[in-house]
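Turn this into a model:
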Amino acid sequence: MAYSAPSPLGPARPSVADIEAAKPTIRSLGKPFSFFLYQCPPNRSICNMDALRALQLMGGVSGVTLALRANHVDALAQGQGVTERDPQGKAAAEIRELLTWAILRMEGKTYDDQKEARVA
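Numbering: from 1, shown residues only. This next block holds a predicted model:
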């Protein structure tokens, strides 16, 4: 299947400051966009859900979140991605899940169609 032109995908932390800072970017894009939450506290799901709802009110947001994990910092220090450093780790699984979501979005599918996604 041919890919459509991807819409911008930007990171946002689950904080009021990050979400407020995203507003000028959203206004300047003038085309469809999506955000994903990263550096999410693993045990603060209310904070994450509030941030997801706030971003949904401004436009698109992935339901896939990336938790704040040591593997991200460790992989960066070694010049690697988390999928290289610890392919079976939680951080790598989250990255693959976000990639699946992005591929499905480019293919015009929903995340419910993830069984058909092609992930490297």
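
Any stretches of the chain with poor pLDDT?
1-6, 111-120 (pLDDT under 70).

Okay, the residue most central in space within it and N48: tell me how far apart.
Centroid-nearest residue in the chain, with CA atoms, centre = their mean: F36, separated by 3.1 Å. Distance check for F36 against N48: by CB to CB, to the nearest Å, it reads 11 Å. Just so you know, the C-beta spots here come from the backbone N, C-alpha and C atoms, and that holds for glycine as well.

so who does the residue nearest to the centre of the chain touch?
L9, G10, P11, A12, V61, S62, V64, T65, L66, L98, W101 (CB atoms under 8 Å, 6 or more residues apart in numbering).

same check, this time on S15
Taking CB under 8 Å, 6+ apart as the definition, contacts of S15 comprise A51.

All further residue positions should be reported with the first residue as 29.
Got it, the first residue is 29 from now on, which makes the last one we talked about S43.

so of the contacts of F64, which ones are in strands?
Counting by DSSP state E, those place L37, G38, P39, A40, V89, S90, V92, T93, L94 in strands.

The third one: what's it in contact with?
What that stands for is P39. F63, F64, L65, Y66.

I'd guessed the first one sits against L83; true?
Yes: when contacts are counted by CB atoms under 8 Å, F63 is listed as touching L83 (5.0 Å).

which residues are in contact with both of the two?
Contacts common to F63 and L83, judged by CB under 8 Å, 6+ apart, are A40, A50, V89.

quick one: which of those is nearest E135?
V89 (18.5 Å; CB to CB).

which residues in the chain form helices?
44-57, 73-86, 98-105, 110-113, 118-134 (DSSP state H).

Columns mean neighbour count on top of those, output as TSV?
Shown next, in TSV, are the helices of the chain (neighbours: other CB atoms under 10 Å):
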stretch	mean neighbour count
helix 44-57	12
helix 73-86	15
helix 98-105	15
helix 110-113	18
helix 118-134	18
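
Stretch 106-124: how far from the chain's middle?
In terms of CA atoms, centre = their mean, to the nearest Å, the centre of stretch 106-124 is set 14 Å apart from its chain centre.

I'd assumed E125 was in contact with T93.
No: using CB under 8 Å, T93 is not in contact with E125; the gap is 9.3 Å.
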